[in-house]
Each structure stands twice: as C-alpha cells, then as structure tokens.
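Novice: From the sequence below, what's the structure:
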Amino acid sequence: MGLFVESFFSKDIKAVLSQPWFVAVLLITMAPGLHAIATWDLDGRLSSTAYAVRHYSYMVVLVEILVIWLALRNDLSFSNTFWELPKRVRTLLALWLTFSLIALFSTMSGLSNALFTLVRYLTHGFFLVSLVHLLSKSNRFDIQISLKVLSAGAVVYVVLLAIFCILVPNPQDFPWVRRVPSATNIRQIGNNVGLLAIAPVALLMASKRRSCVGPTIAFVIILSFATWTGSRATLLGLFFGIACGLVIVRHFTTLRNMASAAVAAVMSILISVAMPVPDPTFGLFRLVKASGEQDDPSSGRWELWAQTWEQITQSPWIGHGAGRYRDDMNLHFGTTWNHPHNFILQYLYDWGFVGGSIALILLAILGVAILRRTKADPLSRFIAITAYCAICATAMIDSPLFHPLPIMIALTLIAPVFAIAKESL
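Specialist: Below is the predicted model of the structure:
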C-alpha cells in the first residue's frame with residue numbers, strides 16, 4: 001500500500017493544496033463516494049426520498065454547484081465567457097435554450113421534474129466553463145496530480161461499493177441490479193467506473209518505468225470492477241475511446257507502456273472472472289451470453305428504440321421536454337426506463353428534431369474543439385479525446401449522457417485540454 005501511495009503522490013502536493021483548481025478536483029474526486037454513501041441502503045428497500053437522491057443525483061449536482069461557486073469567487077464572469085464564444089456557438093446555444101423552454105412548457109404534466117432536468121443540463125455547461133476557468137487561472141495546475149487524485153478517488157469509490165456488496169445481510173433476496181449504491185442500476189455504475197478508469201490508464205500510458213506501479217494497480221482495480229458489473233456498453237466505450245486517443249494523439253506513449261496497459265487489462269478481466277457474482281446478470285460471462293443471444297442480442301434495446309421513435313413522431317418538432325421520458329413511456333408502453341439507451345433518440349425525444357439536432361450539433365462542436373487543441377500537451381489531448389469518444393460511444397447504447405455523474409467525470413477529463421491550450425471554448 002505504501003508503494004501505491006508513494007507512486008501516486010511522489011510530488012510535493014502541499015504546494016497545490018491552497019490552489020482553487022485543486023480544491024475543485026478534490027470535490028469532484030469525492031463526488032462518486034459521497035453519492036454512494038448518500039444512497040447506501042443495505043436492506044434493499046427504496047423509500048421515495050431515497051429514490052429521489054439516487055435518481056436525481058443530488059450529491060453530484062451539489063458538487064457541480066460548489067465548483068461553479070468556487071469559480072465565481074475567483075473572478076469568473078459567465079457573461080464575458082459567453083461573448084467570447086464564436087458567434088455560431090452563441091446562436092446555437094440561444095436556439096437550443098429557446099426550443100428547450102418551448103418543449104418544457106408544451107405541457108404542464110411532470111413540469112417540476114422536467115424543469116429540474118433542464119436546469120441540470122445547464123449546470124453541466126456552467127460546470128465545464130467553471131472548471132476550465134479555475135485550471136486556466138492557476139500557473140500551478142498539474143495534470144499529473146489531477147489524474148492521480150482522480151485515480152485514487154476512483155479506487156476509494158470501487159472499494160466502497162465492494163464493501164457494500166460484502167455487507168449486504170441477505171444477498172439471496174437483495175435486488176442487486178437496482179440497489180447497489182450510487183446509481184439506478186448496476187450498468188450505470190459500470191459506466192461511472194469505466195470513465196474513471198481513463199485517469200489511471202492515461203497515467204500508465206504516459207508513465208516512466210518507475211512511476212507505473214500506482215497507475216497499474218488503480219487501473220486493474222477499477223477495470224476489474226467495471227467488467228464485474230456486466231456492462232457491455234462500458235467496455236466497448238472505454239476501449240473505443242482509448243483507441244481513438246492513441247490513433248489521434250500520436251507519439252504520446254511507448255510500445256512498452258501500451259503493452260503494460262494491455263497486460264493490465266487482461267489481468268483485470270481474469271480477476272473479474274474469479275470474482276463471485278451475486279446475480280446471473282453480473283460478470284464477464286453475462287457479457288458473452290448477452291452478446292450471443294440469437295433472438296435479441298440488444299437486450300431489449302431494439303424494441304425500446306422502436307417505441308421511442310413512435311413517441312418522437314407524436315411531437316416531432318418541439319419534443320416532449322427533458323425529464324418526461326419515464327412517465328410518458330410508462331403510460332403508453334408500460335416500460336420503466338428513464339432513457340432510451342441512445343443519446344440521439346434521447347435528444348430528439350426531449351427537444352424534437354429542431355432542438356435535438358441543435359444539441360447534437362453543439363456536442364459535435366465540442367468534439368471538434370477538442371481535436372483542434374493541438375497546442376495542448378499530449379497527455380491532456382489524450383484524456384480529453386478518450387473521454388469524449390468513450391462517453392459518446394457508450395451513450396449510443398446506454399445512459400452516460402443522461403445521468404449527472406458520468407457527465408461530470410467526462411467533463412472533468414475534458415476540461416484540461418481547453419485550459420492548458422489557453423484558448424476559449
């Protein structure tokens with residue numbers, strides 16, 4: 001354990017403890033663990049209050065608000081930042097907000113939930129701007145320290161979840177898929193953990209030979225747990241993101257480091273196979289079995305997408321408003337999904353063809369902006385490209401662009417590329 005800590009925190013971290021950017025990273029690092037503790041219900045029962053804390057991710061939203069407040073205390077001006085954006089981006093943002101409000105008030109049904117969901121999306125944008133501001137403002141920002149802190153926090157998060165699973169008093173009767181803390185289901189937890197794995201694997205790719213022990217241990221722990229959750233989307237998104245990062249950011253790493261990462265990934269998979277599963281839907285074998293289903297390898301997604309498209313056509317231009325999907329789909333089809341497991345359909349359902357298309361364009365503009373940050377250091381470019389590609393790929397068949405925690409993790413990994421490049425968003 002001492003070797004792990006020494007490898008991760010060999011630099012003098014006291015020099016950055018008073019820096020606002022470090023406080024922000026520390027808050028973000030604590031968010032997954034705090035969210036797990038806030039949703040810690042060993043009896044498996046879910047009161048209305050506990051469901052709200054779990055579903056709306058209050059702890060995560062609170063952390064984002066604290067980071068925004070910290071940036072405002074350090075001279076951030078949202079109005080100045082807005083006017084520094086390219087004119088086309090300002091126009092698209094204004095149009096998206098307009099159509100979002102039209103969809104919001106198109107019906108009074110579920111208005112409070114829809115309003116909170118829209119505010120949550122806006123908060124993500126303010127959070128990204130705030131974090132970029134805090135990183136840019138300091139001349140002591142260290143991407144290596146940031147990734148080390150995030151990696152250590154991810155390990156703590158996984159350990160907390162493991163402790164929870166061990167402490168469950170009646171494992172045979174416990175609703176494992178839906179009641180492991182920090183998410184509405186175990187696949188969502190897989191998405192959270194998978195995105196967090198980007199931090200240690202980036203350190204491993206960029207490491208010198210003597211400094212690779214800590215990142216390797218962290219990556220193995222995190223990826224083992226991600227595989228254990230049985231989420232295909234998590235692994236597909238993570239490995240796709242890493243591949244994109246390596247292809248685009250050339251000469252970033254060495255063959256030795258890539259081989260080390262590959263060996264660590266294989267070790268993680270082997271460890272996950274050896275881990276006991278509390279439910280048949282967990283583990284690597286669930287991934288293989290689900291992918292080989294002859295009748296429906298999509299695990300019900302094809303039917304869900306068809307139903308979602310049917311509802312999109314009922315209000316094609318303005319949409320239904322973000323946050324109304326679950327109740328609307330339950331009314332018409334009897335389903336209980338919070339989202340359609342595809343972010344394109346999600347945006348079209350929420351804001352119609354006009355507002356949804358604008359949201360997709362803005363997301364694409366963010367990706368192009370990341371690619372154009374060629375002046376940023378290779379490590380920052382790698383983690384930003386990897387995080388962006390990973391969350392988008394995962395969101396094609398799952399929910400990371402719906403829930404606050406994976407969005408916050410991805411934005412945290414993306415922010416340094418804008419700060420270090422000294423360019424506006």
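Novice: What is the distance between the top helix by length along the chain and the centre of its chain?
Specialist: Criterion DSSP state H: the longest helix present in the chain is helix 343-371. Remark: helix 343-371 is offset 17 Å from the chain centroid, using Cα atoms, centre = their mean, to the nearest Å.
Novice: counting contacts, what elements does that helix pack onto?
Specialist: helix 87-104, helix 301-312, helix 325-333, helix 378-395, helix 404-421 (3 or more Cβ pairs under 8 Å, 6 or more residues apart in numbering; DSSP states H and E). For glycine as for every other residue, the C-beta is placed from the backbone atoms N, C-alpha and C.
Novice: make it 10 Å
Specialist: helix 87-104, helix 111-137, helix 301-312, helix 325-333, helix 378-395, helix 404-421 (3 or more Cβ pairs under 10 Å, 6 or more residues apart in numbering; DSSP states H and E).
Novice: I'd like these laid out as TSV, including mean neighbour count.
Specialist: Below are the helices and strands packed on helix 343-371 laid out as TSV (neighbours: other Cβ atoms under 10 Å):
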stretch	mean neighbour count
helix 87-104	17
helix 111-137	19
helix 301-312	16
helix 325-333	17
helix 378-395	25
helix 404-421	26
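Novice: Of all those helices, which one is nearest V201?
Specialist: Among the helices and strands packed on helix 343-371, helix 378-395 comes nearest to V201, with 8.1 Å by Cβ to Cβ.
Novice: Extract the CA atoms of that closest one and return them as CSV.
Specialist: Extracted in CSV, the C-alpha atoms of helix 378-395 (Å, rounded to 0.1, in the frame of the first residue of the first chain):
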residue,chain,number,x,y,z
PRO,A,378,-0.2,15.3,-25.4
LEU,A,379,-1.5,13.9,-22.1
SER,A,380,-4.3,16.5,-21.9
ARG,A,381,-5.3,15.8,-25.5
PHE,A,382,-5.3,12.1,-25.0
ILE,A,383,-7.5,12.1,-21.9
ALA,A,384,-9.9,14.7,-23.5
ILE,A,385,-10.3,12.7,-26.8
THR,A,386,-10.5,9.4,-24.9
ALA,A,387,-13.2,10.7,-22.5
TYR,A,388,-15.2,12.4,-25.3
CYS,A,389,-15.2,9.3,-27.6
ALA,A,390,-15.8,6.9,-24.7
ILE,A,391,-18.9,8.7,-23.3
CYS,A,392,-20.4,9.2,-26.8
ALA,A,393,-19.8,5.6,-27.9
THR,A,394,-21.2,4.3,-24.6
ALA,A,395,-24.2,6.6,-24.9
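Novice: Check which helices and strands that helix sits against.
Specialist: With contacts taken as 3+ Cβ pairs under 10 Å, 6+ apart, helix 378-395 sits against helix 143-167, helix 186-196, helix 198-206, helix 232-248, helix 343-371, helix 404-421.
Novice: repeat that for 7 Å
Specialist: helix 186-196, helix 198-206, helix 232-248, helix 343-371, helix 404-421 (3 or more Cβ pairs under 7 Å, 6 or more residues apart in numbering; DSSP states H and E).
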